[in-house]
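K.L.:
For reference, the sequence and a predicted model appear below.
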Amino acid sequence: MAAGHDAGPDTIAYHLVGQVELVPSVVTVWRILKRHGLITPQPHKRPRSSFIRFEASLPNETWQVDATPWQLADGSAVEVLNFLDDNSRVLINSTCFLTVKAADVVQAFYSGSNRFGLPASLLSDNAAVFTAKSRGGKVLLELELERQGIDFKHSTPYHPQTCGKVERFHQTLKRFLGKQSPAASLTELQFQRDAFDDYYNHRRPHRALGRQTPMAVFNLRLKAKPSHPPAPTDHRVRRDKIDSTGKVTLRYLGRLRHIPVGSAYKNRRVRLLVAGPDVRVITDEGELIRALTLDPTRSYQPLSGRWPVHNVLRQARTMS
């Protein structure tokens, strides 16, 4: 409890296995905690059996996503964005931000999917960073999920129980953070979060999983995948001119992306071969001067993956 972890009777009994010769029953542990004033009986609390619960049948069948507020040591408001697997309760990704923006959600989503695979569906509330349906448009997350063939579901307005699993996780997280020294910076808060992730996913028994850890359940079961193939890839060829600073501009997912190729090519005519997020910048002579995969979270693409100017590839001429 002092460390901020959930420490109810079931959890304590679980951790006592192998630590003591005779493990007391869960009821005995409960009575000891009550005797020391560490448990408050709730006789009028609604019984769990009365709830109608939905649970995905496989890991990656549905992820839940939500953000929750927190404070740094100086009182500054920050937000923690959490992705949780509905079936296994695995914490897919948890990242701290000053304010969560639409691009941050996509970046955290791909950080999680790179480790755990793509989900078949995603469930969120109707916050503006997740959906623009009420405004008659689409935010970056909606466009990326559509491109990956992932179903996007939303909770009923003013009904947070729909995203109840990630909402409940927020409580567990905040109980832990509340026992730590207040973080002086976003980096320190993220460090505390990362330490908690290891305990939560790998060592904490979960009551809803029959006292198994989330990672144990995730690893033992088959994984769901997007139920329909990704949207057709956008193939196009565009003629352009590198500007005086050595950059060329391309519109992708509704935003202009600035692609640097080097000042040595300024004012030079080029062709852009576009296949979804994959872009090739080629001179009229067939020289491939840059190949990259666009980062959807960034407007300015970093100068990386650049091809040497002397390396003229025959494939480039074939593509052109």
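P.N.:
Structure received. Only a predicted model underlies this, so the values are computations on that prediction, with no experimental measurement involved. Numbering: from 1, shown residues only.
K.L.:
So, low pLDDT: which residues of the protein?
P.N.:
1-21, 23, 26-27, 29-30, 32-34, 36-53, 156-162, 231-232, 285, 304-320 (pLDDT under 70).
K.L.:
what's the helix or strand for Val106?
P.N.:
helix 102-116 (DSSP states H and E).
K.L.:
For that helix, list every residue counted as buried.
P.N.:
Counting neighbours by 16 or more other CB atoms under 10 Å, one finds that the buried residues in helix 102-116 are Ala102, Ala103, Asp104, Val105, Val106, Gln107, Ala108, Phe109, Tyr110, Gly112, Ser113, Phe116. (Each C-beta comes from the backbone N, C-alpha and C, glycine too.)
K.L.:
Not counting its own residues, what contacts it?
P.N.:
Helix 102-116 has contacts (CB atoms under 8 Å, 6 or more residues apart in numbering) with 59-60, 63, 65, 81, 83, 85, 90, 92-93, 95, 97, 119, 122, 128-130, 139-141, 144, 218, 296-298.
K.L.:
middle-most residue in this protein, spatially?
P.N.:
Phe109 (3.2 Å; CA atoms, centre = their mean).
K.L.:
if we can go back for a sec, of all the buried residues of helix 102-116, which comes closest to Arg31?
P.N.:
Phe116 (39.9 Å; CB to CB).
K.L.:
Pull out the buried members of the contacts of helix 102-116.
P.N.:
Buried among the contacts of helix 102-116 by 16+ other CB under 10 Å: 59-60, 63, 65, 81, 83, 85, 90, 92-93, 95, 97, 119, 122, 129-130, 139-141, 144, 218, 296-297.
K.L.:
Can you list which of these are found in strands?
P.N.:
In strands, judged by DSSP state E, the following of these are found: Trp63, Val65, Leu81, Phe83, Asp85, Ile92, Asn93, Thr95, Phe97, Leu122.
K.L.:
biggest separation within these, which pair?
P.N.:
Pairwise over those, using CB to CB, the maximum falls at Asp85 and Phe97, 21.2 Å.
K.L.:
tell me the domain boundaries of this protein?
P.N.:
If you go by automatic domain parsing, the domain ranges for the chain are 1-42, 52-220, 235-319.
K.L.:
can you map out the strands along the chain?
P.N.:
Assigned by DSSP E, the strands in the chain fall at 63-71, 77-85, 91-97, 121-124, 151-154, 235-241, 247-252, 255-260, 269-275, 278-283, 288-293.
K.L.:
Restrict the fifth one to CA atoms and write it as CSV.
P.N.:
Backbone C-alpha positions of strand 151-154 (Å, rounded to 0.1, in the frame of the first residue of the first chain) are rendered in CSV as follows:
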residue,chain,number,x,y,z
ASP,A,151,-13.0,-0.2,-36.8
PHE,A,152,-13.5,2.9,-34.6
LYS,A,153,-16.2,2.9,-31.9
HIS,A,154,-17.3,5.7,-29.6
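K.L.:
Buried residues in that strand, which are they?
P.N.:
Within strand 151-154, judged by 16+ other CB under 10 Å, the buried ones are Phe152, His154.
K.L.:
List the pairing partners of it within its sheet, with orientation.
P.N.:
If you go by DSSP bridges, strand 151-154 pairs up with strand 121-124 (parallel).
K.L.:
buried residues in the strand it pairs with?
P.N.:
For strand 121-124, by 16+ other CB under 10 Å, it's Ser121, Leu122, Leu123, Ser124.
K.L.:
For that strand, what is the distance to the chain centroid?
P.N.:
Distance of strand 121-124 from the chain centroid (CA atoms, centre = their mean, to the nearest Å) equals 11 Å.
K.L.:
go on, stretch 182-200?
P.N.:
Counting by CA atoms, centre = their mean, stretch 182-200 comes out at 16 Å from the chain centroid.
K.L.:
buried residues in it?
P.N.:
So stretch 182-200, judged by 16+ other CB under 10 Å, has buried residues Ala183, Glu188, Leu189, Gln190, Gln192, Arg193, Phe196, Asp197, Tyr200.
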